[in-house]
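Trainee: make a model of this:
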Amino acid sequence: LFHEALAHVPKDAIAIEVAPTGLLQAILKRALGANATNISLVKRGHENNIAFLTSALGKIYAAGAQPKLGNLYHPVTFPVGRGTPMLNSMTE
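Mentor: Residues are numbered from 1 along each chain as shown. Purely as a prediction, here's the structure:
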């Protein structure tokens with residue numbers, strides 16, 4: 001069924017693999033061709049998966065998509081409480 005589903009993916013698609021290993025990247029590259037963009041969000045064994053994820057998000061932007069990254073963070077309500085530390089207190 002996976003092979004049949006790939007027949008319906010447009011040739012210039014952005015395929016984002018949301019999986020714990022990035023295992024399907026080689027299969028997707030072969031099946032979708034050179035015009036498609038294949039991006040994995042995680043790579044098993046990578047020394048810094050946070051850096052890998054942020055790099056993948058940049059690749060998504062570069063491919064022309066507009067992910068809503070604000071949804072990854074809790075909303076901030078203003079005004080903030082008096083006990084909230086200022087950003088300048090975090091400099092060295």
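Trainee: for this structure, identify the residue most remote from the centre.
Mentor: In the chain, the residue that sits farthest from the middle, by CA atoms, centre = their mean, is Arg82; the gap is 35.0 Å.
Trainee: any idea which element the residue nearest the centre of the chain lies in?
Mentor: For the chain, Leu57 is the residue whose C-alpha lies nearest the centre (CA atoms, centre = their mean; 3.9 Å). Secondary structure assignment for Leu57, by DSSP states H and E: helix 49-62.
Trainee: and that helix, what does it pack onto?
Mentor: Judged by 3 or more CB pairs under 8 Å, 6 or more residues apart in numbering; DSSP states H and E, helix 49-62 is in contact with strand 14-17, strand 37-40. For the C-beta atoms, the positions are set from N, CA and C on the backbone; glycine is no exception.
Trainee: chain center to stretch 24-41: distance?
Mentor: Relative to its chain's centre, stretch 24-41 lies at 14 Å (CA atoms, centre = their mean, to the nearest Å).
Trainee: residues contacting that stretch, please?
Mentor: The contact list for stretch 24-41, computed with CB atoms under 8 Å, 6 or more residues apart in numbering, reads 3, 6, 9-19, 22, 52-53, 56, 59-60, 63.
Trainee: just the buried members of the residues you listed?
Mentor: Using 16 or more other CB atoms under 10 Å as the burial test, those include 6, 13, 15-17, 22, 52-53, 56, 59-60, 63 as buried.
Trainee: quick revisit: and the gap between the residue nearest to the centre of the chain and Asn49?
Mentor: Note on Leu57: its distance to Asn49, by CB to CB, to the nearest Å, is 12 Å.
Trainee: fine by me, we can end here.
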